[in-house]
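Asks: Give me a model of this one.
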Amino acid sequence: MTQTAETFGTTAARHRRSNRIRRMSQLMAAGCLVTSGLLAAAMVLYWALTPTPTLFSHAGLPNAPVTEIDSSTRAVAFGIAMVPLGTLIWGLLSGRRCFDAFAAGRIFSRDSIRQLKTFAIAVAASALLKPLAGAALSVVLSFRQPAGAKTLALSVGSDTLIALIFAGTVAVIAWVMTEALEIADENKQFV
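Replies: From the prediction side, this is the model:
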C-alpha cells in the first residue's frame, strides 16, 4: 500500500507505522541476542575442535606443525580471538537494548540513542581490533615453530572496511536522532 500525502499523517497510518516498528524492533532485539550467543558458542567450538592445519591456514600461516597444538595454545588463541568478538557481542547487546526501547515506543529517548551509539562504537572497535587480534594469533600459533618459521601476519580485508562504514553510518544516524530530540525539547519549551 502506498502512502499519499493525505493519508501519511493520519492517526491510522501512524499507528500502522508504529506497529511495524514495534514488530521489527522485537525481531531485531531477539536477533541480536541469538546472534551474540551463537557467535560465542561458535568461537568456543572453533578453538576446541578445529584441526591445527585449518587454524594455521585461517591465520595466514603457511607452515602448520605436523602435530596438533596443545590446549594451552588454543586457550591463549581463544582469548585473543575473543577480544574483537567480545567487543562485537557487547555492541550487539547494546543494539538489543536499543531495539527493546524502540519496541516499547521509546524511539527518541536518550537511552535508546545512547544504546545505538554504543552499538556503532562497538562495531567500529571490533572491526579495528580484528586485524590486530589476527596478527597476535599468528604470533601465538607460530611461537613454537622452529627458527625462521615464526610468523607475524597482518591482514585487513574488505569486511573490516565495510564494518567501519556501517558503524559510521549508524553513528551519524544516532547523532541525527540526538539533534532531533534536542530540537523537540526546545520546541516544547516554547509551547
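Asks: What are the contacting residues of stretch 125-132?
Replies: 83-85, 87-88, 91, 154-156, 159-160, 163-164, 167 (C-beta atoms under 8 Å, 6 or more residues apart in numbering). C-beta here means a position set from N, CA and C on the backbone, and glycine is covered the same way.
Asks: Also stretch 178-190?
Replies: Counting by C-beta under 8 Å, 6+ apart, residues outside stretch 178-190 touching it are 108-110, 113.
Asks: switch to 10 Å and redo it
Replies: 107-110, 112-114, 116-117 (C-beta atoms under 10 Å, 6 or more residues apart in numbering).
Asks: List buried residues within those residues.
Replies: Using 16 or more other C-beta atoms under 10 Å as the burial test, the contacts of stretch 178-190 include 107, 109, 112-114, 116-117 as buried.
Asks: Which of those residues fall in helices?
Replies: Judged by DSSP state H, those include 112-114, 116-117 as members of helices.
Asks: And the helices in this structure, which stretches?
Replies: Under DSSP H, the chain gives helices at 5-8, 11-49, 52-58, 71-103, 110-142, 158-190.
Asks: Tell me what angle the fifth one forms with helix 158-190.
Replies: Taking axes from the mean of the first three to the mean of the last three C-alpha atoms, to 10 degrees, one finds helix 110-142 and helix 158-190 inclined to each other by 160 degrees.
Asks: okay, and the helix or strand of the protein with the least pLDDT?
Replies: In the chain, no helix or strand scores lower on mean pLDDT, DSSP states H and E than helix 5-8, which sits at a mean of 54.
Asks: right, and the helices of the chain - which one's nearest residue 65?
Replies: For residue 65, the closest of the helices of the chain is helix 52-58, at 6.3 Å, according to C-beta to C-beta.
Asks: Quick one: residues contacting the residue lying closest to residue 93 once chain neighbours are set aside.
Replies: Nearest non-adjacent residue to residue 93, counting by C-beta to C-beta, 6 or more residues apart in numbering: residue 36, 6.0 Å away. Neighbour list for residue 36: 85, 88-93, 95-96 [criterion: C-beta under 10 Å, 6+ apart].
Asks: For residue 36, give its distance to residue 131.
Replies: According to C-beta to C-beta, to the nearest Å, residue 36 stands 22 Å off from residue 131.
Asks: re earlier: check the contacts of stretch 125-132 and tell me the two furthest apart.
Replies: Spatially, the most separated pair among those is 91 and 154, at 23.2 Å (C-beta to C-beta).
Asks: which one of the two has more residues nearby?
Replies: residue 91 (24 against 11; other C-beta atoms under 10 Å).
Asks: Counting neighbours, what do you get for the spatially closest residue to the more buried one that is not a sequence neighbour?
Replies: Spatial nearest neighbour of residue 91, chain neighbours left out: residue 122 (2.5 Å); criterion: C-beta to C-beta, 6+ apart. Look at residue 122: counted by other C-beta under 10 Å, it has 21 neighbours.
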